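Asks: Let me see the structure of the following:
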Amino acid sequence: YDGKCVFCRIARREEPGTALLPCEDEDLVCFRDIKPGAPHHYLVVPVKHMGNCKTLKAEHIPLVKRMMEVGRAVLQKNNFSDLNDVRMGFHWPPFCSIAHLHLHVLAPASQLGFLSRIYYRINSYWFIT
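Replies: Numbers count the residues shown, from 1 in each chain. Below is the predicted model:
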């Protein structure tokens, strides 16, 4: 836990302005992005403080898979069913504003605006899927 990290505080329900969405994985939390790039834009975040995506290793593959499963489940619970029109990924440092691992879940990807198409471009220098 890092008390200076806003995502750590959100995960511990210490940020009253951020509502957590139902999540069936006790090690993860999910909430809406404060600057949505799509009609559905959620962040899936480990409760335990972890560095950005550059700190991921092979042993973290199951965690990332669970994060993606939670993202898909949250979309479905929010009446979005076309899972072929979803974009998920991580901003690559130094392009991530919070140094706590978080997966962006955006849908429908086909409705991303001009800037969002750049900001969340698949496997770009700044966003990896």
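
Asks: And the contacts of the top strand by length along the chain?
Replies: Longest among the strand segments of the chain by residue count, using DSSP state E, is strand 40-46. Here strand 40-46 makes contact (CB atoms under 8 Å, 6 or more residues apart in numbering) with 7, 10-11, 21, 23, 27-33, 63, 67-68, 70-71, 74-75, 78, 80, 100-108. Just so you know, the C-beta spots here come from the backbone N, C-alpha and C atoms, and that holds for glycine as well.

Asks: same deal with stretch 118-129?
Replies: Counting by CB under 8 Å, 6+ apart, 37, 53, 87-92, 95, 104, 106, 112 sit against stretch 118-129.

Asks: Any of the residues you listed buried? List them.
Replies: With burial judged by 16 or more other CB atoms under 10 Å, the buried subset of the contacts of stretch 118-129 is 37, 53, 87-92, 104, 106, 112.

Asks: Pick out the most distant pair among those residues.
Replies: Cys53 and Leu112 (20.2 Å; CB to CB).

Asks: From Ile34, how far out is Leu63?
Replies: To Ile34, Leu63 is 24 Å away according to CB to CB, to the nearest Å.

Asks: These two: who's more crowded?
Replies: For Leu63 versus Ile34, neighbours defined as other CB atoms under 10 Å are more numerous around Leu63 (18 against 10).
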